[in-house]
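Trainee: Got a predicted structure here, sequence first:
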Amino acid sequence: MTAPLDADAVVLRVYDAGDFDWLVDLHRAHYRASDGFDDTFAALVASILKDFEASHDPTRERGWVAEHDGRRLGSIFCVRLTEDTAKLRLFLLETQARGLGLGRRLLMQCTEFARSVGYRRIQLWTHESHAAACALYARSGWTCTSSKPVHSFGVDLVEQAWEVTL
(Lines give C-alpha, C1' and ligand atoms only; values in the text may rest on other atoms or scores of the structure.)
Protein backbone atom coordinates (compact mmCIF):
# COMPACT_ATOMS: atom_id res chain seq x y z
CA MET A 1 0.00 0.00 0.00
CA THR A 2 1.29 3.47 -0.93
CA ALA A 3 1.70 6.12 1.77
CA PRO A 4 -0.68 9.10 1.53
CA LEU A 5 0.53 11.84 -0.76
CA ASP A 6 1.85 14.91 1.08
CA ALA A 7 0.85 17.77 -1.20
CA ASP A 8 3.21 20.15 0.62
CA ALA A 9 6.16 17.94 -0.36
CA VAL A 10 5.31 18.04 -4.09
CA VAL A 11 7.84 20.00 -6.12
CA LEU A 12 7.19 21.63 -9.48
CA ARG A 13 10.28 21.18 -11.59
CA VAL A 14 11.02 22.08 -15.19
CA TYR A 15 10.16 19.43 -17.82
CA ASP A 16 13.11 17.66 -19.44
CA ALA A 17 13.42 15.17 -22.29
CA GLY A 18 13.61 12.27 -19.81
CA ASP A 19 9.92 12.93 -19.04
CA PHE A 20 8.80 12.37 -22.65
CA ASP A 21 7.79 8.68 -22.54
CA TRP A 22 6.17 9.01 -19.13
CA LEU A 23 4.08 11.98 -20.22
CA VAL A 24 2.90 10.33 -23.44
CA ASP A 25 2.05 7.12 -21.52
CA LEU A 26 0.22 9.08 -18.79
CA HIS A 27 -1.98 10.82 -21.36
CA ARG A 28 -2.55 7.61 -23.32
CA ALA A 29 -3.60 5.58 -20.26
CA HIS A 30 -5.65 8.29 -18.61
CA TYR A 31 -7.68 9.36 -21.64
CA ARG A 32 -8.18 5.81 -22.86
CA ALA A 33 -9.65 4.86 -19.47
CA SER A 34 -11.63 8.05 -18.81
CA ASP A 35 -12.84 9.01 -22.30
CA GLY A 36 -12.20 6.03 -24.57
CA PHE A 37 -9.63 7.91 -26.67
CA ASP A 38 -7.73 5.89 -29.26
CA ASP A 39 -3.98 6.10 -29.82
CA THR A 40 -4.24 9.15 -32.06
CA PHE A 41 -4.38 11.19 -28.85
CA ALA A 42 -1.07 9.79 -27.60
CA ALA A 43 0.40 10.55 -31.04
CA LEU A 44 -0.79 14.17 -30.68
CA VAL A 45 0.84 14.43 -27.23
CA ALA A 46 4.09 13.01 -28.63
CA SER A 47 3.99 15.53 -31.48
CA ILE A 48 3.42 18.44 -29.08
CA LEU A 49 6.37 17.32 -26.94
CA LYS A 50 8.66 16.78 -29.94
CA ASP A 51 7.88 20.29 -31.20
CA PHE A 52 8.45 21.73 -27.72
CA GLU A 53 11.79 19.98 -27.31
CA ALA A 54 12.96 20.95 -30.80
CA SER A 55 12.08 24.61 -30.83
CA HIS A 56 10.76 26.13 -27.62
CA ASP A 57 12.05 29.47 -26.39
CA PRO A 58 12.98 28.89 -22.73
CA THR A 59 12.61 32.60 -21.97
CA ARG A 60 8.90 32.57 -22.94
CA GLU A 61 7.89 28.88 -22.90
CA ARG A 62 8.13 26.29 -20.17
CA GLY A 63 6.81 22.95 -19.01
CA TRP A 64 6.57 21.78 -15.40
CA VAL A 65 6.30 18.36 -13.84
CA ALA A 66 4.79 17.87 -10.39
CA GLU A 67 6.90 15.35 -8.51
CA HIS A 68 6.78 13.75 -5.05
CA ASP A 69 9.72 11.70 -3.75
CA GLY A 70 10.94 11.15 -7.32
CA ARG A 71 7.50 10.07 -8.57
CA ARG A 72 6.02 12.15 -11.37
CA LEU A 73 2.39 13.12 -10.78
CA GLY A 74 1.41 15.54 -13.53
CA SER A 75 2.34 18.35 -15.85
CA ILE A 76 1.44 21.69 -17.39
CA PHE A 77 3.00 23.64 -20.26
CA CYS A 78 3.00 27.29 -21.32
CA VAL A 79 3.87 27.82 -24.99
CA ARG A 80 3.78 30.82 -27.32
CA LEU A 81 0.72 31.15 -29.52
CA THR A 82 1.31 34.77 -30.58
CA GLU A 83 3.49 37.57 -29.25
CA ASP A 84 0.93 38.46 -26.57
CA THR A 85 -0.95 35.15 -26.19
CA ALA A 86 0.27 31.95 -24.56
CA LYS A 87 -1.29 28.52 -24.89
CA LEU A 88 -1.72 26.18 -21.95
CA ARG A 89 -0.98 22.57 -22.95
CA LEU A 90 -0.64 19.06 -21.52
CA PHE A 91 -2.25 19.85 -18.16
CA LEU A 92 -2.90 16.55 -16.40
CA LEU A 93 -2.59 15.02 -12.95
CA GLU A 94 -2.49 11.36 -12.03
CA THR A 95 -5.78 10.32 -10.44
CA GLN A 96 -4.31 9.87 -6.96
CA ALA A 97 -2.83 13.38 -7.06
CA ARG A 98 -6.21 15.06 -7.59
CA GLY A 99 -8.18 16.88 -4.93
CA LEU A 100 -5.05 18.09 -3.13
CA GLY A 101 -4.76 21.54 -4.70
CA LEU A 102 -2.01 20.47 -7.11
CA GLY A 103 -4.05 21.34 -10.20
CA ARG A 104 -4.62 24.85 -8.88
CA ARG A 105 -0.93 25.11 -8.01
CA LEU A 106 0.15 24.03 -11.51
CA LEU A 107 -2.34 26.41 -13.12
CA MET A 108 -1.07 29.28 -10.95
CA GLN A 109 2.55 28.43 -11.84
CA CYS A 110 1.73 28.54 -15.54
CA THR A 111 -0.32 31.75 -15.22
CA GLU A 112 2.31 33.60 -13.20
CA PHE A 113 5.04 32.54 -15.62
CA ALA A 114 2.99 33.74 -18.61
CA ARG A 115 2.33 37.07 -16.92
CA SER A 116 5.99 37.50 -15.92
CA VAL A 117 7.27 37.02 -19.48
CA GLY A 118 4.84 39.49 -21.01
CA TYR A 119 1.87 37.53 -22.29
CA ARG A 120 -1.47 39.35 -21.97
CA ARG A 121 -3.71 36.30 -22.22
CA ILE A 122 -3.64 32.51 -22.19
CA GLN A 123 -5.81 30.22 -24.28
CA LEU A 124 -6.41 26.49 -24.06
CA TRP A 125 -8.30 23.72 -25.81
CA THR A 126 -10.10 20.96 -23.92
CA HIS A 127 -13.25 18.85 -23.88
CA GLU A 128 -16.47 19.39 -21.96
CA SER A 129 -16.09 15.93 -20.41
CA HIS A 130 -13.11 17.21 -18.39
CA ALA A 131 -15.50 18.68 -15.83
CA ALA A 132 -13.05 19.08 -12.94
CA ALA A 133 -10.54 20.94 -15.11
CA CYS A 134 -13.27 23.16 -16.60
CA ALA A 135 -14.53 23.98 -13.09
CA LEU A 136 -10.98 24.91 -12.06
CA TYR A 137 -10.63 27.18 -15.09
CA ALA A 138 -13.94 28.90 -14.32
CA ARG A 139 -13.00 29.39 -10.63
CA SER A 140 -9.67 30.86 -11.78
CA GLY A 141 -11.24 33.54 -13.99
CA TRP A 142 -11.14 31.76 -17.34
CA THR A 143 -14.02 32.07 -19.83
CA CYS A 144 -15.23 29.38 -22.22
CA THR A 145 -15.12 31.16 -25.60
CA SER A 146 -16.44 28.37 -27.83
CA SER A 147 -17.96 24.92 -27.62
CA LYS A 148 -18.74 22.57 -30.50
CA PRO A 149 -19.43 18.88 -31.08
CA VAL A 150 -16.61 17.00 -32.82
CA HIS A 151 -15.50 13.46 -33.51
CA SER A 152 -11.89 13.19 -32.36
CA PHE A 153 -9.63 10.44 -31.05
CA GLY A 154 -12.22 7.83 -32.00
CA VAL A 155 -15.10 9.28 -29.95
CA ASP A 156 -17.78 11.97 -30.07
CA LEU A 157 -16.82 14.94 -27.88
CA VAL A 158 -17.68 18.54 -27.21
CA GLU A 159 -14.53 20.54 -27.86
CA GLN A 160 -14.05 23.78 -25.94
CA ALA A 161 -11.77 26.80 -26.11
CA TRP A 162 -11.07 28.79 -22.95
CA GLU A 163 -9.23 32.06 -22.36
CA VAL A 164 -8.08 34.26 -19.50
CA THR A 165 -6.79 37.81 -19.61
CA LEU A 166 -3.72 38.37 -17.46
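Mentor: All right, it came through fine. A quick note: this is a predicted structure, and the numbers were derived from the prediction, not measured.
Trainee: All the strands of this structure, residue numbers only.
Mentor: 11-14, 62-68, 71-80, 85-93, 121-127, 143-152, 155-165 (DSSP state E).
Trainee: which stretches of the protein have low pLDDT?
Mentor: In the predicted model of the chain, residues 1-4 satisfy pLDDT under 70.
Trainee: Isn't I122 up against A114?
Mentor: Yes - using CB atoms under 8 Å, I122 makes contact with A114 at a distance of 5.3 Å. No exception for glycine: its C-beta is placed from N, CA and C like everyone else's.
Trainee: Distance-wise, check the most centrally placed residue in the chain relative to H151.
Mentor: In the chain, the residue lying closest to the centroid (CA atoms, centre = their mean) is F91, at 1.2 Å. As judged by CB to CB, to the nearest Å, F91 and H151 stand 23 Å apart.
Trainee: One more: G18?
Mentor: Separation of G18 from H151 (CB to CB) stands at 35 Å.
Trainee: V158 now?
Mentor: The spacing between V158 and H151, counted by CB to CB, is 11 Å.
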